[in-house]
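K.L.:
the following comprises the amino acid sequence and a computationally predicted model.
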Amino acid sequence: MKLNFMDCWNGTLAILRAHKEAIIAISGVFVFLPTLLMAQFVGQPALQGTEDLNAAMSAYSTFFQDNATAIILSNLIISFGGFVIFFTIARAHSGTLADDLGKAMRFFLFFLLANILTGLITLAGFMLFIIPGFYVACRMALVPIVIADQEERNPLEAVKKSWAITKDNGFSILLLVLIIAIIGAITVGVIQMIVGLIIGVATGGAGWALLENIVSALGSAVLGVLFTALIASIYNQLTGKGSNVAEVFN
């Protein structure tokens, strides 16, 4: 089956609308809040004065060493939140939000192992060239929803199933992801710029870090949720489990 971009996008919106309450609750606690806390209390690497790549890499290395615990913990929490959403929006979903949290906890280790496996395979693709790396990443993008929808406990099998489902659609998925990523990044960037200008004028150029970090964390959370729903929509379409979009929007 060939991926249809419009059907996939409509399916994404249908998923978000059908599960909006649960998605808002999960992403608020597990995605938005950790992102905000990291921005507010940990911040970003000090890149001022780093005019070459080596200096920038050194700054990032120092930053990670100084904040390794907070970075690892926040990323685990955010990853868990995204994983819970996959269980919530999976076509095989049945039960309450508490049930989804319980399933996500039971399958989280398999999810992490699958991520490590896909990361290694993707790295091998990038060692060949940039495009093969992105292609391989897109072929394995469905691993989380495969685990959630089929309750797959074997990371290798999850990778194999994602690879099989995305057959002949690797570049189509890559193009769709790039289009949405570019539009999403521009939209969030413009909103952040407008908010920054308003805050700058209101505070006489002093800025208001908390509000700026809230806007930034909110933008990151929205994009993360959007791509989670997009992956589920791609999976639904390629496996013939597509949502009845007209029914959802009516």
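P.N.:
Arrived safely.
K.L.:
which secondary structure elements does the strand or helix carrying residue 173 contact?
P.N.:
In the assignment (DSSP states H and E), residue 173 maps to helix 170-202. Helix 170-202 is packed against helix 5-18, helix 130-139, helix 209-238, with contacts defined by 3 or more CB pairs under 8 Å, 6 or more residues apart in numbering; DSSP states H and E. The C-beta positions use only the backbone N, C-alpha and C, and glycine is treated the same way.
K.L.:
can you get me a residue count around residue 229?
P.N.:
23 (other CB atoms under 10 Å).
K.L.:
please report the distance of it from residue 2.
P.N.:
Distance, residue 229 to residue 2, using CB to CB, to the nearest Å: 21 Å.
K.L.:
tell me, what residue is most central in the protein?
P.N.:
For the chain, the residue nearest the mean C-alpha position is residue 224 (3.8 Å; CA atoms, centre = their mean).
K.L.:
for the chain, which helix is longest?
P.N.:
Taking DSSP state H as the criterion, the chain has its longest helix at helix 53-89.
K.L.:
can you name every helix or strand that it contacts?
P.N.:
Counting contacts by 3+ CB pairs under 8 Å, 6+ apart, helix 53-89 packs against helix 20-27, helix 33-41, helix 97-128, helix 143-150, helix 209-238.
K.L.:
at 10 Å what do you get?
P.N.:
helix 5-18, helix 20-27, helix 33-41, helix 97-128, helix 143-150, helix 209-238 (3 or more CB pairs under 10 Å, 6 or more residues apart in numbering; DSSP states H and E).
K.L.:
could you list the buried residues of the first one?
P.N.:
Read it as helix 5-18. Under the neighbour-count criterion of 16 or more other CB atoms under 10 Å, helix 5-18 has 8-16, 18 buried.
K.L.:
ok, the residue nearest to residue 141 when sequence neighbours are not counted - contacts?
P.N.:
Spatial nearest neighbour of residue 141, excluding adjacent residues (CB to CB, 6 or more residues apart in numbering): residue 231 at 5.7 Å. Counting by CB atoms under 10 Å, 6 or more residues apart in numbering, residue 231 makes contact with 12, 15, 82, 86, 89, 141-146, 162, 173, 177.
K.L.:
pick the one among the residues you listed closest to residue 74.
P.N.:
residue 82 (12.7 Å; CB to CB).
K.L.:
what pLDDT does the closest one get?
P.N.:
Residue 82 is assigned 96 on the pLDDT scale.
K.L.:
any idea how far residue 81 is from the closest residue to it other than its chain neighbours?
P.N.:
Once flanking residues are discounted, residue 82 sits nearest to residue 228: 5.5 Å by CB to CB, 6+ apart. According to CB to CB, residue 228 stands 9 Å off from residue 81.
K.L.:
of those two, give the one with the bigger neighbour count.
P.N.:
The neighbour comparison of residue 228 against residue 81 (other CB under 10 Å) goes to residue 228, with 27 against 23.
K.L.:
sorry, back to before: angle of the helix holding residue 173 against helix 5-18?
P.N.:
50 degrees (axes from the mean of the first three to the mean of the last three CA atoms, to 10 degrees).
K.L.:
specify the local secondary structure of the residue sitting furthest away from the middle of the chain.
P.N.:
For the chain, the largest distance from the centre (CA atoms, centre = their mean) belongs to residue 204, which lies 35.7 Å off. Secondary structure, DSSP: H, G, I helix; E, B strand; the rest coil: residue 204 is coil.
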